[in-house]
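J.: Generate a structure from the sequence data that follows.
(one chain, ligands or ions: 1)
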Amino acid sequence: MLRNSLIGSLRQIKPILCSQSLRSLSNGANSGLTTIEVDDKSGIATLSMNLPPVNTLTLNLMHDLIDSINQIECNKSRGLILTSSNDKVFSAGLDLKELYKPDQERLKEFWTIFQDLWLALHLCGIPTAAAINGHAPAAGCIMATACEYRVMLPDFVIGVHATRFSFLVSKWMMLSYQSVLPRRIVERALNQGKLFSTQEALEVGLIDEVAGSKKEALAQCAAFIGTFDKANPIARTLTKRMCRDSDVTELLRDRAGDLRACVDYINTPLFQEGLSAHLEGLKEKK
Ligand SMILES: CCCCCCCCCCC/C=C/C(=O)SCCNC(=O)CCNC(=O)[C@H](O)C(C)(C)COP(=O)(O)OP(=O)(O)OC[C@H]1O[C@@H](n2cnc3c(N)ncnc32)[C@H](O)[C@@H]1OP(=O)(O)O
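T.: Reported below is the predicted structural model:
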């Protein structure tokens, strides 16, 4: 809903046609894989992913995330903090099972909703922050980079390690990474398939702060959101969208082309063999 209005005109203020009252944040039509808690004092909404065991981005989780982001925006929360109910994994990234020998129609739906999720986070009108309370590989990292601020707990990893198992990333995913890290670091990290430890991520600037606990991470994210208190919310939203315009336009100018390229690549033997080996590796770990 929001995305459609933005696709029409990125520079326009989102027409807020939402009729729900502040704080009535039920999870309505979604599958209950996310929860939203709004802090009464600060008005900041914490959006938690809650799909055991590792918050893989399935069709349903991505649907619920988009629905929740829309609800939070529509209810005029002061900010959004994305986090996980799992204390070891923020998100394990895309659901690999959806990519293995996929049904073609379902794969198209899957990739389209992943594009939608990235747009929802990227264009969210209110301040966003990620409290990364566990591992955040691949699309888990991309979701975090679509937020405006990242606070991470120690002893976890974050990064896009796609090349390790013969995956490529779309240009808009690379741009998201590049909006946070210098281009030369992104180029090297993507080519190496590097997963950064929390400390390394802090040193290169992939995350903004380290926190000692989830509670602290949420507080640090809330403090970041508080830094916008003096900004006019509409001017802030328009400025955020202007800053992100070129990255978003990269995807919007040819979403269908991106979908085709991804579907084609996922169907190649190179991709399917790499994925099969990766899935075996995950099983053998046990
Ligand atoms: C122009 C051309 C463009 C082409 C574009 C092509 C498009 C391709 C895709 C683009 C980029 C990719 C994005 C992605 O996000 S792919 C997903 C990558 N993610 C991973 O590789 C993470 C794998 N998981 C892990 O490393 C660990 O699970 C993790 C560190 C996250 C947690 O470890 P832990 O020990 O706590 O948990 P387990 O490993 O035991 O996992 C528990 C069970 O969950 C299953 N699992 C884990 N991750 C995934 C996943 N991503 N998808 C599906 N299933 C997953 C794991 O196998 C365990 O299952 P079982 O209990 O049944 O054994």
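J.: Can you pull out the residues in contact with stretch 207-219?
T.: With contacts defined as Cβ atoms under 8 Å, 6 or more residues apart in numbering, stretch 207-219 is touched by 46, 81, 83, 87, 131-133, 144, 149-154, 158, 198-199, 201-202, 220, 224. For every residue, glycine as well, the C-beta is placed using N, CA and C.
J.: From those, keep the buried residues only.
T.: Using 16 or more other Cβ atoms under 10 Å as the burial test, the contacts of stretch 207-219 include 46, 81, 83, 131-133, 144, 149-153, 158, 198, 201-202, 220, 224 as buried.
J.: Take these and keep only those in strands.
T.: 46, 81, 83, 131, 132, 150, 151, 152, 158 (DSSP state E).
J.: Residue of the protein nearest the ligand, please.
T.: residue 93 (2.6 Å; Cβ to the nearest ligand atom).
J.: Contact partners for that residue?
T.: Residues near residue 93 by Cβ under 8 Å, 6+ apart: 56, 57, 137, 138, 139, 140, 141, 142.
J.: possible to save the residues you listed as CSV with secondary structure, pLDDT and neighbour count?
T.: Below are the contacts of residue 93 laid out as CSV (DSSP: H, G, I helix; E, B strand; the rest coil; pLDDT from 0 to 100; neighbours: other Cβ atoms under 10 Å):
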residue, secondary structure, pLDDT, neighbour count
56, coil, 98, 20
57, strand, 98, 25
137, strand, 98, 24
138, coil, 98, 25
139, helix, 98, 23
140, helix, 98, 28
141, helix, 98, 31
142, helix, 98, 26
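J.: between those, which is closest to residue 272?
T.: Checking the contacts of residue 93 against residue 272 by Cβ to Cβ gives residue 138 as the nearest, at 17.1 Å.
J.: Could you measure from the closest residue to that closest one other than its chain neighbours over to residue 40?
T.: Spatially, and ignoring its direct neighbours in sequence, residue 138 is nearest to residue 93 (3.3 Å; Cβ to Cβ, 6 or more residues apart in numbering). Distance of residue 93 to residue 40, given as Cβ to Cβ, to the nearest Å: 33 Å.
J.: secondary structure class for residue 155?
T.: Secondary structure for residue 155, judged by DSSP: H, G, I helix; E, B strand; the rest coil, is coil.
J.: I'd guessed it sits against residue 198; true?
T.: Yes - between residue 155 and residue 198 there is a contact under Cβ atoms under 8 Å: 6.4 Å.
J.: isn't there a strand covering residue 35?
T.: Yes - secondary structure of residue 35 (three-state DSSP): part of a strand.
J.: Count the residues that sit near it.
T.: Neighbour count for residue 35, taken as other Cβ atoms under 10 Å: 15.
J.: sec struct for the residue nearest to it when sequence neighbours are not counted, please.
T.: Nearest residue to residue 35 in three dimensions, chain neighbours excluded: residue 48, at 4.9 Å (Cβ to Cβ, 6+ apart). Classification of residue 48 using three-state DSSP returns strand.
J.: Do a quick rundown of the strands in the stretch 1-150 of the chain.
T.: For the stretch 1-150 of the chain, applying DSSP state E, counting those that start in this stretch gives strands covering 34-38, 44-49, 79-84, 128-132, 136-137, 150-152.
J.: got it, and the stretch 151-286 of the chain?
T.: With DSSP E, counting those that start in this stretch as the criterion, the stretch 151-286 of the chain has strands spanning 157-159, 196-197, 209-210.
J.: Out of those strands, flag the one nearest residue 119.
T.: Nearest to residue 119, of all those, is strand 157-159, at 21.5 Å by Cβ to Cβ.
J.: Those residues of this protein touching the ligand, which are they?
T.: Within the chain, the positions near the ligand by Cβ under 6 Å from any ligand atom are 53-54, 56, 88-89, 92-97, 135, 137-139, 162, 167-170, 261-262, 265-266, 282-283, 285.
J.: Next, work out how far apart the one residue sitting closest to the centre of the chain and residue 168 are.
T.: Nearest to the mean C-alpha position of the chain, counting by Cα atoms, centre = their mean, stands residue 143 at 1.7 Å. With the distance defined as Cβ to Cβ, residue 143 ends up 18 Å from residue 168.
J.: same deal with residue 121?
T.: According to Cβ to Cβ, residue 121 stands 21 Å off from residue 168.
J.: So those two - more neighbours on which side?
T.: The neighbour comparison of residue 121 against residue 168 (other Cβ under 10 Å) goes to residue 121, with 23 against 16.
J.: so who does the more buried one touch?
T.: By Cβ under 8 Å, 6+ apart, the contact set of residue 121 is 69, 82, 128, 143, 146, 147.
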